[in-house]
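Visitor: Task: produce atomic coordinates for the following.
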Amino acid sequence: MGHETNLRNPTVRMRHKTSPSHSVAFPLNLNSIFNNTFKNEDYFTMPKAPFFHLLRVLVELFLLLFYDKTKHLMARVKVGWMMKKGIWIPIVFLIVLGGGVAMAFALNGSDDIALKDDFTSSFLDPEVETDEGFHYFQSEKNNFSMWFPAGYYIEDDPVGYESKYYFEFLNIYEEETTTSKDRGYTGYIQLKYRDNMTERRVHLQLNRLLDDLSYDNQYEEFQTENAMIYYGSSYYTLEGKRGVTYNPATYSANQYFALVQSPDAKEFITVDYRILCADYESCEVNNERESRFFETLIHNIRFQK
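Guide: Below is the predicted model:
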């Protein structure tokens, strides 16, 4: 059936002129090495994958440079050949290179769902510096950027995600991990971007946030050179069938809200961050940690227009 191709890695068998009985097999194709090392088929789609392609080229270049010397030394098969000075150069190089691969794999092959999830990682740029625990995020229509929390992912679903030039809507979920289980709760963020707004419509939206999420319409204002931020928090619980909101100064807040307004007041983003407890009776929220997390999130939103 036509031309058949041998898919196995090609092997060249070299024979030394003075020792015809000693044959040396030496692989020239590194596909099997890299494929066996990085078995995760999504690994090379990760943001820092170009590093490994460069690494692959360097390894192949090394083998080309040292192959001729190595094949003759290996073919002699003498007891003392390991002590020869010439062989230590490539051996040391390989040890250092192997350590670099292991370190890079440890750094890049993390369990962070933000990097593992294909849809979420497509918005992230690892080259832009952020604080630890966050990734740089650029929205699909380039309306805004922000620091995206590690351990979270965007649901790729028409109900949970929408992107237009004047409107963007994201549902962002924290992955349930051993850490979140030990903590007793996970986070959920809903973010909405709006354009072509007026000052009146911005304040109408702020009033809706206050009605839905605030305690007694309490909120704070914070002005930066990039935005005007209105934000607050509250503690929400069910008493019977009725939802009740309490003062976050008395109870640890389990919902945070913010409206981030552009300097020209034509754009705004609303952020709704909720803490979902596995067991509300025994759930203990780290108020300081969650407040700091939310403030970092909203203070690093940037409008791009």
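
Visitor: Can you tell me the SS state at the residue nearest to residue 287 when sequence neighbours are not counted?
Guide: Spatial nearest neighbour of residue 287, excluding adjacent residues (CB to CB, 6 or more residues apart in numbering): residue 252 at 4.4 Å. In this view, the C-beta of every residue, glycine as well, is placed from N, C-alpha and C. At residue 252 the chain is in coil, as set by DSSP: H, G, I helix; E, B strand; the rest coil.

Visitor: Neighbours of residue 252, how many?
Guide: 18 (other CB atoms under 10 Å).

Visitor: mind listing what it touches?
Guide: 235, 284, 285, 286, 287, 290 (CB atoms under 8 Å, 6 or more residues apart in numbering).

Visitor: closest to residue 259 among those?
Guide: Among the contacts of residue 252, residue 290 lies closest to residue 259 (CB to CB), at 18.8 Å.

Visitor: quick one: that closest one is in a helix?
Guide: Yes: per three-state DSSP, residue 290 lies within a helix segment.

Visitor: what about it, neighbour count?
Guide: Residue 290: 19 neighbours (other CB under 10 Å).

Visitor: quick one, what contacts it?
Guide: Counted by CB under 8 Å, 6+ apart, residue 290 has contacts 252, 253, 256, 275.

Visitor: how close does it get to residue 264?
Guide: According to CB to CB, to the nearest Å, residue 290 stands 31 Å off from residue 264.

Visitor: How many residues are close by the residue lying closest to residue 165 once chain neighbours are set aside?
Guide: Nearest residue to residue 165, sequence neighbours excluded (CB to CB, 6+ apart): residue 141, at 5.1 Å. Other residues near residue 141 come to 16 when the count uses other CB under 10 Å.

Visitor: Tell me the pLDDT of residue 141.
Guide: Note on residue 141: pLDDT of 95.

Visitor: Give me the secondary structure label for it.
Guide: Residue 141 is classified as coil under three-state DSSP.

Visitor: Relative to residue 164, how far out is it?
Guide: Distance from residue 141 to residue 164, by CB to CB: 7 Å.

Visitor: Residue 277 now?
Guide: For residue 277 relative to residue 164 (CB to CB), the value is 34 Å.

Visitor: Looking at these two, which one has more neighbours?
Guide: Ranked by neighbour count (other CB under 10 Å), residue 277 and residue 164 place residue 277 first, with 16 against 12.

Visitor: and the more buried one, what is it in contact with?
Guide: Per CB under 8 Å, 6+ apart, neighbours of residue 277: 184, 185, 254, 283, 285.

Visitor: okay, it: pLDDT?
Guide: pLDDT, read off for residue 277, is 93.

Visitor: Give me the phi and psi for it.
Guide: phi -90, psi 140 (degrees, to the nearest 10).

Visitor: So, low pLDDT: which residues of the stretch 51-200 of the chain?
Guide: 51-110 (pLDDT under 70).

Visitor: quick one: the helices in it?
Guide: 85-108, 113-116, 118-121, 178-183, 199-213 (DSSP state H, counting those that start in this stretch).

Visitor: Cool, thanks, signing off.
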